[in-house]
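Student: Need a 3D model of the following:
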Amino acid sequence: MAVFNVTKANYKTEVSESEKPVLLDFWAPWCGPCRMIAPFVEQLSDEMPEIKAGKVNIDEEPELAAEFGVMSIPTLIVMKGGKAVKRTLGAMPKQLLKEFVEEAIK
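Tutor: Numbers count the residues shown, from 1 in each chain. The predicted structure follows:
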């Protein structure tokens, strides 16, 4: 499944009301560590059909970033049933990212 862009307009339907857990990646185009993990987020989206993955560009969606208290990027948050269940900051190897998601969706 492809990674989708999360906006204020589609947040409710794509994230809050999602049947599947959603991995949210708060990022910005100018952020080096964000660009480092972007391929891992995309790969996990394809490899883990039990989740959805969405990217929140903090420059374009500052209200969503503020709502989640995002102070540093990349910030990754796993949402289940419309609630944040786990979060982490910073770039990480793909395997650690996968373990983070698996732990959150148990």
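
Student: mind showing which ranges of this structure have poor pLDDT?
Tutor: 1 (pLDDT under 70).

Student: mind listing the helices in it by residue range?
Tutor: Using DSSP state H, the helices of the chain run over residues 11, 32-47, 62-67, 94-105.

Student: Nearest residue to the spatially most central residue of the chain in space, please, no chain neighbours.
Tutor: Centroid check for the chain by CA atoms, centre = their mean gives L24 as the closest residue, at 1.6 Å. Closest residue in space to L24, ignoring its immediate chain neighbours: I77 at 4.6 Å, by CB to CB, 6 or more residues apart in numbering. To be clear about C-beta, it is placed using only N, CA and C from the backbone, and glycine gets the same treatment.

Student: my read: that neighbour touches F26, true?
Tutor: Yes - using CB atoms under 8 Å, I77 is in contact with F26, at 7.3 Å.

Student: ok, these two, which is more surrounded?
Tutor: F26 (26 against 20; other CB atoms under 10 Å).

Student: isn't that one right up against V56?
Tutor: Yes - with contact defined as CB under 8 Å, F26 and V56 form a contacting pair (4.8 Å).

Student: For G90, give its distance to N10.
Tutor: With distances taken as CB to CB, to the nearest Å, G90 is found 26 Å from N10.
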